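Asks: need a structure here:
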Amino acid sequence: GGGGKPLPQHLQQDRVVGAGISSGPNSLSGANLVVVGDSNDRNFFDILCRELTNQSDGVGHVPTLQLGDNAGTYSGLKLSWPRRSQTAFCHHKDLNASAIMFWHHGLWSLPPVLACYPDFAERRHSFLIRGVKGLLPVTDLARHIWPQVLVQSFKRRPIILLIQ
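Replies: The predicted structure is shown next:
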């Protein structure tokens, strides 16, 4: 350090998650890698899963979700996603690891929304909630929906988070 205050304990090098771990697939051992991003990240995720599983079709999807009681204003609702917006995943059994991709609209989903975007997004990425199409802001996805997907669909493991 440069003689200033010491770093808070949770930021000190020996406490940073990932410090000193191996590289490659073994670095995911016993963990869930959660990738959050847009269509470019989804393309990256497909390549990652091919490498991780050694299968060209190793990516699965979560097409629907029945939300539990901890989903805020969405509690108790059933959500359906179009294929491009579905949570994607792959597993490496030997490493006891999963990779999970949460897709989002990013800033496009937050006010003020550009006039041209909602029509495009609803055609390609709208959720179906109680039979009605709609877009969910990324803030609602992060607070209420994605935690439910993790709890309901994946083993409880330490999380490695990669956000774009």
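Asks: Okay, and the beta partners of the nearest residue to residue 60 once chain neighbours are set aside?
Replies: Once flanking residues are discounted, residue 60 sits nearest to residue 89: 5.3 Å by Cβ to Cβ, 6 or more residues apart in numbering. For the C-beta atoms, the positions are set from N, CA and C on the backbone; glycine is no exception. Beta-bridge partners for residue 89, by DSSP bridges, are residue 60, residue 100.
Asks: Okay, now the unreliable bits of the chain?
Replies: Residues of the chain meeting the criterion pLDDT under 70: 1-23, 56, 106-114, 117-132.
Asks: what separates the longest helix seen in it from the chain centre, distance-wise?
Replies: When the chain is parsed with DSSP state H, its longest helix is helix 39-53. How far helix 39-53 lies from its chain's middle: 13 Å, per Cα atoms, centre = their mean, to the nearest Å.
Asks: Tell me the buried residues in that helix?
Replies: Under the neighbour-count criterion of 16 or more other Cβ atoms under 10 Å, helix 39-53 has 41-42, 45-46, 48-49, 52-53 buried.
Asks: how much space between the closest residue in space to residue 31 that isn't next to it in sequence and residue 68?
Replies: Using Cβ to Cβ, 6+ apart and skipping the chain neighbours, the partner closest in space to residue 31 is residue 158 (4.8 Å). For residue 158, the distance to residue 68 equals 22 Å [Cβ to Cβ, to the nearest Å].
Asks: Of the two, which one has the most company?
Replies: It is residue 68, of residue 158 and residue 68, that has more neighbours when counted by other Cβ atoms under 10 Å, with 13 against 8.
Asks: before we move on, the earlier item: so what does the residue nearest to residue 31 have for phi and psi?
Replies: phi -60, psi 150 (degrees, to the nearest 10).
Asks: ok, it touching residue 30?
Replies: Yes - with contact defined as Cβ atoms under 8 Å, residue 158 counts as touching residue 30 (6.8 Å).
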